[in-house]
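# How does the following fold in three dimensions:
(one chain, ligands or ions: 1)
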Amino acid sequence: MSLLTAATKVRENAHAPYSKFKVGAAIRAASGNIYVGCNVENVAYPEGTCAEAGAIAAMVAAGETELIEALVIADSPMPVSPCGGCRQKLAEFGVPDVKVTMTTVAGNTSEMTLAELLPGAFTQEHMEGES
Ligand code: THU
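Next comes the predicted model:
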């Protein structure tokens, strides 16, 4: 299955009664397996989670910690852009040149690398020096 097919399918399961904005995410891990996630909102608004976070959680729960490609889809006028928090979450598990495809249900698509999405990312190296 392609990332596009997987993300399109899981998007239908999004729980987005507040924003009415359904998002699907699919990531391919180093094994080749695809993990998916959708946004899960909550009546206590800040407790909602993004589609990307769900896909990452599924990957890690399955025992994988390296993503090699990601795709996010929504019914948006322009390619859906991962939020800042999700950029940091994706960067935790992918090298800087991992490709992230952002797309709409109508097929308006753009691509960026993780490094382009999160320039100057906070990394493990920033914590070196602490004893
Ligand atoms: N959302 C995602 O799930 N991923 C994104 O990349 C952008 C935003 C969700 C969060 C919230 O449920 C809804 O979209 C509106 O912000």
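
# ok, residue 41 - how many residues close by?
Using other CB atoms under 10 Å, residue 41 has 19 neighbouring residues. C-beta coordinates here come from the backbone N, C-alpha and C atoms, glycine included.

# measure it to residue 65 for me?
Counting by CB to CB, to the nearest Å, the gap from residue 41 to residue 65 is 27 Å.

# Then residue 87?
For residue 87, the distance to residue 65 - CB to CB - is 18 Å.

# Pick out whichever of these two has more residues nearby.
residue 87 (19 against 12).

# mind checking pLDDT for the residue nearest to the spatial centre of the chain?
By CA atoms, centre = their mean, the chain has its centre lying nearest to residue 52, at 2.8 Å. pLDDT recorded at residue 52 is 98.

# repeat for the one 3 residues further on
At residue 55, the model reports a pLDDT of 98.

# The nearest residue to it once chain neighbours are set aside: neighbour count?
In this structure, residue 55 finds its nearest non-sequential neighbour in residue 37, 3.4 Å apart by CB to CB, 6 or more residues apart in numbering. Neighbour count of residue 37, defined by other CB under 10 Å: 27.
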